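Colleague: Sequence and computational prediction follow.
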Amino acid sequence: MTSETIGAPRRADARANHAALLDAAAALVGQCGVDLPYEEIALAAGVGRATVYRHFPTREALSRAIVEAALDHWDAVLADLTPGPGRFEELFHAWVRIQQDRSHGVDLLARSAPADALRQARRRFEATLRGPMRQAQAAGIVAAHLTVPDVRIILTMLSAALRSPESPSDRRRAVELARGMLF
């Protein structure tokens, strides 16, 4: 449970600090792992170290909050996609953009999140894929033999490739290969 869910609603400045901390922590954790010093998170967010501890008293709370924020962002992106069989392809392109623009979420899912948070996050993520994938499969857009866990694995592999220090041409090729597996 994150500190945001405890007690009364937060003041506007506390909500702003929480958002800044999540953004800074997600970027830094994506680069350095969850064990980076809280002082670095505080510096990147422009707050004091005590503020970090107040919002995220444990590394587990920090990991959970980053995963939840990444999934909340994903949900918001999905809400803007066009309904219908083409939605799955839009979903794929949205995933690519998110992974190119953001430095957290999937990396944390793969490395640092507590086991129960990881299972919950995977279930939540897979649930977002299910409907659009079924529609795309029914329309013959997506291979019928693929399962939702298969797609999650493909997207996770693609995320790793998009974040690698390899050349831009290698990252473009990774997107092409993932598209070939899905469509």
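Modeller: Thanks, I have the structure now.
Colleague: can we go C-alpha only for contacts and neighbour counts from here?
Modeller: OK.
Colleague: mind checking the longest helix of this protein?
Modeller: Taking DSSP state H as the criterion, the chain has its longest helix at helix 115-138.
Colleague: gap between that helix and the chain center?
Modeller: 13 Å (Cα atoms, centre = their mean, to the nearest Å).
Colleague: For that helix, give the mean pLDDT please.
Modeller: For helix 115-138, mean pLDDT rounds to 90.
Colleague: Just list the residues touching the closest residue in space to Met133 that isn't next to it in sequence, thanks.
Modeller: Excluding the flanking residues, the one nearest Met133 by Cα to Cα, 6 or more residues apart in numbering is Phe88, at 5.8 Å. By Cα atoms under 8 Å, 6 or more residues apart in numbering, the contact set of Phe88 is 129, 132-133, 135-136.
Colleague: Thr51 now?
Modeller: For Thr51, counting by Cα under 8 Å, 6+ apart, the contacting residues are Ala42.
Colleague: same for whatever helix or strand Trp74 lives in, what does it pack against?
Modeller: Taking DSSP states H and E as the criterion, Trp74 maps to helix 59-79. Helix 59-79 is packed against helix 12-32, helix 106-111, helix 115-138, with contacts defined by 3 or more Cα pairs under 8 Å, 6 or more residues apart in numbering; DSSP states H and E.
Colleague: Run the angle between the helix or strand following the longest one and helix 12-32 for me.
Modeller: The C-terminal neighbour of helix 115-138 among helices and strands, as given by DSSP H and E, is helix 148-163. Put simply, helix 148-163 runs at 80 degrees to helix 12-32, going by axes from the mean of the first three to the mean of the last three Cα atoms, to 10 degrees.
Colleague: Tell me the buried residues within the contacts of Phe88.
Modeller: The neighbour count (16 or more other Cα atoms under 10 Å) marks 129, 132-133, 135-136 as buried among the contacts of Phe88.
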